[in-house]
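Participant: test case, fold it:
(chains A and B)
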Number of protein chains: 2
Amino acid sequence: MAAPLIEPVARLIESFARLPGIGPKTAQRLTYHLLRTPETEARTLAAALIAVREQVVFCERCFNISDAPLCPICRDPARDQVRLCVVEEPLDVLALERTGEFRGLYHVLHGAISPIDGIGPERLKVRDLLDRADAAKRDGHPFEEVIIATNPTLEGEATAMYLAERLDVAVGSVTRIARGIPVGGDLEYADEVTLIRALQGRRAV
Amino acid sequence: MAAPLIEPVARLIESFARLPGIGPKTAQRLTYHLLRTPETEARTLAAALIAVREQVVFCERCFNISDAPLCPICRDPARDQVRLCVVEEPLDVLALERTGEFRGLYHVLHGAISPIDGIGPERLKVRDLLDRADAAKRDGHPFEEVIIATNPTLEGEATAMYLAERLDVAVGSVTRIARGIPVGGDLEYADEVTLIRALQGRRAV
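Facilitator: Numbering: from 1, shown residues only, chains lettered A, B, ... in the order given. Purely as a prediction, here's the structure:
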């Protein structure tokens, strides 16, 4: 029988291994790394973990992560107030912001509709989105465009269809991000559905 | 310009990204994961990080990680006291223990000799190893075998040569772990040096 791991080491490996994408071997390597480096490295990480849960809340308007009732994007008057981009997760906001291409506002659903997993619209920030669109119209500044940027998965598409139907009256237009061959991708390796979408989404050059 | 990340989130991403094998994208994913899961997950990880640095020390005999002056392996009278395995890192002990094949004691060098990086034997637990072998001989229970299990890299081999020369008088025999084609590996893809070692290390079947 192999010698048992000492308890605090076993516990840290276990904690790391619970994170997504971290297997038991990586968890071990991380743990042993932190035993070798100066103590401050482990302490800094621990403090950052505590701080993130103590200081980060969800924006009460768009449900993105925030350090205040309204997130930095919702607080920013320079953002285009009549263009709204709907995403599944806060991480999607980060990805879109990195492009610098979109200067409007966001709405984070915190998931996608998935009947198989028992996730209906009431489990997501869907009601808040519809109310937000209605309120904007009532106030005389309706959204000119709502871009639905949920993932091009079964759940993301179902969510997009559901939202498009219900947003129709309150907003100028509802659009969906393009699906097609990723830049740098290879036609040969694209699946059929992606190829069909790429053909359907073709544009004049 | 993209909206700046809120400070505690940026700091946690940065802390994660400082870990080996964790790139900026993975660091982001881990951070956002911990924002989504129950708060206890982040707290448990933080507590485990603190505990590991507060409770874990190095064994004063073999320099493996330990929760007491002597590690569980050095404390265990059932281990073979005359067989010693020399490794570079505590993680190597873990790997060898998992095999269940070796029932002796260990000595962790905490690195390998590397003149290029300015790491001489005095920066490693080499003196401690030689003293340990001498003391065992003096006490009338010399090590019958010292297995040098440093990595089959330039540094690991140099370390093995260095140790073999110096251990010779104090111990019964000095051996080196076999180098060859890994089990499940493919001759076709093995590098020349490994193939040479595999040939040199051949045995009668």
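Participant: OK, contacts around the residue nearest to A:T26 when sequence neighbours are not counted?
Facilitator: For A:T26, ignoring the flanking residues on the chain, the nearest one in space by C-beta to C-beta, 6 or more residues apart in numbering or on different chains is B:G21 at 6.4 Å. Just so you know, the C-beta spots here come from the backbone N, C-alpha and C atoms, and that holds for glycine as well. With contact taken as C-beta atoms under 8 Å, 6 or more residues apart in numbering or on different chains, B:G21 is in contact with A:T26, A:R29, A:L30.
Participant: and what of A:R18?
Facilitator: A:R18 neighbours (C-beta under 8 Å, 6+ apart): B:E41, B:L45.
Participant: how about stretch A:46-64: buried residues?
Facilitator: A:46-53, A:56, A:58-59, A:61-64 (16 or more other C-beta atoms under 10 Å in any protein chain shown).
Participant: meant to ask about stretch A:8-22
Facilitator: For stretch A:8-22, by 16+ other C-beta under 10 Å, it's A:P8, A:V9, A:R11, A:L12, A:I13, A:E14, A:S15, A:F16, A:A17, A:L19, A:I22.
Participant: stretch A:157-164 too?
Facilitator: Quick answer for stretch A:157-164 (16+ other C-beta under 10 Å): A:E157, A:T159, A:A160, A:Y162, A:L163, A:A164.
Participant: who does whichever strand or helix holds A:Y106 pair with, and is each partner parallel or antiparallel?
Facilitator: Applying DSSP states H and E as the criterion places A:Y106 in strand A:105-108. Strands that pair with strand A:105-108, judged by DSSP bridges, come out as strand A:83-87 (parallel).
Participant: and the very next helix or strand once past the partner strand, what's its mean pLDDT?
Facilitator: Per DSSP H and E, the first helix or strand lying C-terminal to strand A:83-87 is helix A:90-99. Averaged across helix A:90-99, pLDDT comes to 90.
Participant: chain A: helices as residue ranges?
Facilitator: A:7-17, A:24-36, A:39-55, A:72-75, A:90-99, A:126-138, A:154-167, A:192-200 (DSSP state H).
Participant: looking at the ones you listed, which one has the lowest mean pLDDT?
Facilitator: helix A:192-200 (a mean of 84).
Participant: list the buried residues of it.
Facilitator: Buried, per 16+ other C-beta under 10 Å, within helix A:192-200: A:T194, A:R197, A:A198.
Participant: dump the residue contacts of the most centrally placed residue in chain A.
Facilitator: Central residue of chain A (C-alpha atoms, centre = their mean): A:E89, 2.1 Å from the mean position. Listed by C-beta under 8 Å, 6+ apart, the contact partners of A:E89 are A:V108, A:H110, A:G111, B:Y32, B:R36.
Participant: what do you get if the cut-off is 10 Å, keeping everything else the same?
Facilitator: Applying C-beta atoms under 10 Å, 6 or more residues apart in numbering or on different chains to A:E89 gives the contacts A:N64, A:A95, A:V108, A:L109, A:H110, A:G111, A:A112, A:T150, A:N151, B:Y32, B:L35, B:R36.
Participant: what's the neighbour count on A:R179?
Facilitator: Using other C-beta atoms under 10 Å in any protein chain shown, A:R179 has 17 neighbouring residues.
Participant: the buried residues of stretch A:8-22 also near chain B: which ones?
Facilitator: Contacts with chain B are made by A:P8, A:V9, A:R11, A:L12, A:I13, A:E14, A:S15, A:F16, A:L19, A:I22 out of these, judged by C-beta under 10 Å from any C-beta of the partner chain.
Participant: next, format those residues as CSV and append distance to B:C74.
Facilitator: Compiled in CSV, those are given as follows (distance: C-beta to C-beta, whole Å):
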residue, distance to B:C74
A:P8, 18
A:V9, 16
A:R11, 22
A:L12, 22
A:I13, 21
A:E14, 25
A:S15, 27
A:F16, 27
A:L19, 32
A:I22, 30
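Participant: between those residues, which is closest to A:K137?
Facilitator: Nearest to A:K137 among those: A:L19, at 42.4 Å, using C-beta to C-beta.
Participant: out of everything not next to it in sequence, what's closest to the closest one?
Facilitator: B:L30 (5.5 Å).
Participant: what about the one you found, how many residues nearby?
Facilitator: Neighbours of B:L30 (other C-beta under 10 Å): 23.
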